[in-house]
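Student: The sequence and its predicted three-dimensional model are supplied below.
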Amino acid sequence: MPILNKLKNYIKIFKHLHSKAFYFFWLFTAFAILYFLNSSLYSFIFFGILISFLILKISDKRAAILTLVLLGLCPFLLILKDEPLAEFAAIYAYLFLSAAVLTQLKLFSRKEAKKKDNRLPLKILKNINSKRANIIILIFLTLLLFQKILVSRGQIEAGDINFPIYRERVLGNIRFLWNNYGSANGGITMNTFPFVLINSFFNRLLHLSAELTVKFVILEVLLVSLFSAYFLAQRIFKNFIKKDIYLEFCSLLVVIFYIFNPYALNRIFHFYHWIAYLFLPLILLIFIKLIETKKARFAAALAFLLSFIAFSPHYLIYASIMLGLFLIVEIINTLWQNKPGKLNYSNFLKNIANVFICLLCFILFSSHWLIPYVKTSLIENTPRAPGYMLTKEYIEKPIEKINPIIQTLSLNAKSTESKVLNLFFKIFIFILPFVLLAPLFPSLRNKYTIFFSLLGVFAAILSTMPIWHYALYQRLLFDIPYLKNFGWLFRESSRINGLLALSYSFLLAFLFSRVAFKNEFGQKDNLLSKKRKAKLKIEKLNSKIQKMKNDNYV
């Protein structure tokens, strides 16, 4: 029958789902499903099916049926437990299964393209674009994860989420900015003008209510951050992963760990920090483009983005640290790969010039708040901080003693009732040292792993400073002249864990790609160095031969 033949063709899509490359995804899914169904008979049934699939390697047809069943069940598992962690685990399982299916679709379309079969289902498979499909998955994932925030009725009233959205709030801050107003946030909020104008335009055009405007802004920021993290991962990993299929996997892995971790989710209602955190990948991507192309327009774009996230002064400092560290690693890498006599000093000077152009543009874009801020804080030596002033008693609160690394990298901010999920979180804690030490492995040593490793170690040390050396942390905040005026920016050391989450996401993807895609993982830098060494050997041999010829001639 024609229908059965079509079904058989689609079943071939799942041919290699029991290969070693998918073991990680299936085990991850097993943990997620066990969380929903622990202490019940269903957990043993699901676990038994997965183990039999991995060990016994059941037939392709049954594998396809099992995949479709699990793929269909994952969203409905949200009904079983109404809590954020249940949604979190279900979405992870759904994402990995979807990625597995998309990969098989792409592989199947390539194989069938060689057979020159013109049937309609195969024509559809041939035209599948894995990148577009992955972006669709990310958008669907965002809607699914934030469905309670975006779909539920009522106004979102929490923290700073409404401050940069309402025009009255922004316009009101201009008047206080130049009248010695005692809050730094008042002036820095001015940088949200483009953001406010765009959302106000859509608010008027579509006659949206206040609650819908806030939810639209949340969705808008999420989608921008998804694309920025995705394209940054694509840009970095394309130098090391040969096949597009595996490149897509690593990009998805980076995005889900960077966007959907408890640090990011807990910052949603602290809107200033959340939006600045989500724009970090885009800032780093433009900076990489600036170094590669050496074009001034990227310097101007980078300055605009830095001035845009300046309404979170914390992340203005963190982003500057990130870019400065990347520039240092890039300079050292260039000096290491080239001999001093063959170093291209013109490119080096262009990079330095572009950095200064970026700095000048940033001062130009932010002069409206930099001038009164510097005048008040430095010249008059008057602290400009929020209404609550930072005190020694404030940072001695018990909540500041909690290890922020565990909160960020265990993918959970609090302990849960599920023993299975807690064990899973602890596994990620044990992975942390291996991830941060990735550059020590020769096969993983490159400028990106070195940069992310240094960034993660720096963030880990600074975020835990109140725990391991409280006296030093206190001295930095209160005893250094002028710096103590800005000490309130560092009153919560765990905020720098945004840099730690960024480094952790990319280093984990590097480590995973090296283990799972061993045969497909190759570093172009190493290949170039090998070619360079071979070329030098050939040149030496040619010089020796020429010398021998000259000696014989004499």
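Tutor: The structure has been received and is ready for your questions.
Student: Pop out the phi and psi values for residue 241.
Tutor: phi -110, psi 130 (degrees, to the nearest 10).
Student: For it, name its beta-bridge partners.
Tutor: residue 521 (DSSP bridges).
Student: you'd agree it is up against residue 251?
Tutor: No - applying CB atoms under 8 Å, one finds residue 241 not in contact with residue 251, separated by 9.5 Å. (Each C-beta comes from the backbone N, C-alpha and C, glycine too.)
Student: Kindly state the domain boundaries assigned to the protein.
Tutor: 2-128, 167-522 (automatic domain parsing).
Student: rank those by pLDDT, which is bottom?
Tutor: In terms of average pLDDT, domain 2-128 trails the rest of the domains of the chain, at a mean of 50.
Student: what residues are up against residue 351?
Tutor: Counting by CB atoms under 8 Å, 6 or more residues apart in numbering, residue 351 touches 290, 291, 294, 327, 330.
Student: How about the last one: what's its closest non-neighbour residue?
Tutor: With CB to CB, 6 or more residues apart in numbering as the criterion, residue 330 has its nearest non-adjacent residue at 5.9 Å, and that residue is residue 291.
Student: Could I get the phi/psi values of the one you found?
Tutor: phi -70, psi -40.
Student: just the CA coordinates of the helix or strand that contains residue 349, formatted as CSV?
Tutor: Taking DSSP states H and E as the criterion, residue 349 maps to helix 345-365. Taking Å, rounded to 0.1, in the frame of the first residue of the first chain, the C-alpha atoms of helix 345-365 are listed here in CSV:
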residue,chain,number,x,y,z
TYR,A,345,52.4,44.9,13.1
SER,A,346,49.8,46.7,11.0
ASN,A,347,47.1,44.3,11.9
PHE,A,348,48.1,44.6,15.6
LEU,A,349,48.0,48.4,15.5
LYS,A,350,44.6,48.3,13.7
ASN,A,351,43.2,46.2,16.5
ILE,A,352,44.5,48.7,19.1
ALA,A,353,43.1,51.6,17.1
ASN,A,354,39.6,49.9,16.8
VAL,A,355,39.6,49.4,20.6
PHE,A,356,40.2,53.1,21.1
ILE,A,357,37.5,53.9,18.5
CYS,A,358,35.1,51.7,20.4
LEU,A,359,36.0,53.5,23.7
LEU,A,360,35.5,57.0,22.1
CYS,A,361,32.1,56.0,20.6
PHE,A,362,31.0,54.5,23.9
ILE,A,363,31.9,57.8,25.7
LEU,A,364,30.0,59.7,22.9
PHE,A,365,26.9,57.5,23.3
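Student: if we can go back for a sec, now flag whichever of the contacts of residue 351 is closest to residue 493.
Tutor: Closest approach between the contacts of residue 351 and residue 493, by CB to CB: residue 327, at 24.7 Å.
Student: Quick check: the closest one touching residue 355?
Tutor: Yes - with contact defined as CB under 8 Å, residue 327 counts as touching residue 355 (6.9 Å).
Student: can you tell me which two in the contacts of residue 351 are farthest apart?
Tutor: 294 and 327 (13.0 Å).
Student: I figured residue 309 hits residue 279, correct?
Tutor: Yes - contact criterion CB under 8 Å: residue 309 and residue 279 qualify, at 5.4 Å.
Student: out of the two, which sits in the more crowded spot?
Tutor: Set residue 309 next to residue 279 and count neighbours by other CB atoms under 10 Å: residue 309 wins out with 26 against 22.
Student: list the contacts for that one?
Tutor: Contacts of residue 309 by CB under 8 Å, 6+ apart are 191, 275, 276, 279, 283, 315, 316, 319.
Student: For the last one, which residues are in contact?
Tutor: So that's residue 319. By CB under 8 Å, 6+ apart, the contact list for residue 319 reads 276, 280, 283, 306, 309.
Student: Could you identify the most distant pair in those?
Tutor: Maximum distance among the contacts of residue 319 (CB to CB): 10.9 Å, for 280 and 306.
Student: Okay, buried residues for the helix or strand that residue 336 is a member of please.
Tutor: For residue 336, the element it lies in under DSSP H and E is helix 313-337. Using 16 or more other CB atoms under 10 Å as the test for burial, helix 313-337 gives 313-316, 318-319, 321-323, 325-327, 329-330, 333-334.
Student: Over to stretch 455-472?
Tutor: Buried residues in stretch 455-472 (16+ other CB under 10 Å): 455, 456, 458, 459, 460, 462, 463, 464, 465, 466.
Student: Of those, which is the nearest to residue 441?
Tutor: For those, the nearest to residue 441 is residue 456 (15.5 Å; CB to CB).
Student: That closest one - that's part of a helix, no?
Tutor: Yes - counting by DSSP: H, G, I helix; E, B strand; the rest coil, residue 456 is located in a helix.
Student: Is it in contact with residue 503, as I believe?
Tutor: Yes - counting by CB under 8 Å, residue 456 touches residue 503, with 3.4 Å between them.
Student: Give the residues shared as contacts by those two.
Tutor: residue 436.
Student: So which residues of the stretch 201-350 of the chain form helices?
Tutor: Taking DSSP state H, counting those that start in this stretch, the helices of the stretch 201-350 of the chain run over residues 210-237, 244-259, 262-266, 271-278, 280-293, 296-308, 313-337, 345-365.
Student: pLDDT (mean, whole number) over the helix or strand harbouring residue 546?
Tutor: Assessed by DSSP H and E, residue 546 sits inside helix 524-553. The average pLDDT within helix 524-553 is 61.
Student: circling back to that earlier point, same list, the contacts of residue 351, but as CSV with distance to residue 263 please.
Tutor: Below are the contacts of residue 351 laid out as CSV (distance: CB to CB, whole Å):
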residue, distance to residue 263
290, 27
291, 28
294, 34
327, 25
330, 27
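Student: list the contacts for residue 499?
Tutor: Neighbours of residue 499 in contact, by CB under 8 Å, 6+ apart: 280, 318, 321, 322, 455, 456, 458, 459.
Student: Any figure for the gap between it and residue 218?
Tutor: 23 Å (CB to CB, to the nearest Å).
Student: Now residue 251. Nearest residue, chain neighbours left out?
Tutor: Residue 251's closest residue in space is residue 233 (CB to CB, 6+ apart), at 4.1 Å.
Student: Which residues are in contact with that neighbour?
Tutor: So residue 233 contacts 250, 251, 254, 255, 506, 509 (CB under 8 Å, 6+ apart).
Student: any idea which of these is closest to residue 541?
Tutor: residue 250 (39.9 Å).
Student: What is the burial count for that closest one?
Tutor: 25.
Student: One more: residue 445?
Tutor: 16.
Student: which ones are touching it?
Tutor: residue 439.
Student: Next, find the distance separating it from residue 304.
Tutor: To residue 304, residue 445 is 34 Å away according to CB to CB.
Student: Then residue 458?
Tutor: Using CB to CB, one gets 26 Å for the distance from residue 458 to residue 304.
Student: And for residue 227?
Tutor: 17 Å.
Student: Run a quick neighbour tally on the nearest residue to residue 277 once chain neighbours are set aside.
Tutor: When the adjacent residues along the chain are set aside, residue 277 lies closest to residue 498, with 4.3 Å between them (CB to CB, 6+ apart). Residue 498 has 29 neighbouring residues, counting by other CB under 10 Å.
Student: Which element, helix or strand, includes residue 498?
Tutor: helix 497-516.
Student: That helix versus helix 271-278: what angle between them?
Tutor: Orientation of helix 497-516 against helix 271-278 (axes from the mean of the first three to the mean of the last three CA atoms, to 10 degrees) gives an angle of 30 degrees.
Student: tilt between helix 497-516 and helix 244-259?
Tutor: Counting by the same axes, to 10 degrees, helix 497-516 lies at 150 degrees to helix 244-259.
Student: Tell me who's in contact with residue 503.
Tutor: So residue 503 contacts 436, 452, 453, 455, 456, 459 (CB under 8 Å, 6+ apart).
Student: I figured residue 506 was touching residue 240, is that so?
Tutor: No - between residue 506 and residue 240 there is no contact under CB under 8 Å: 11.3 Å.
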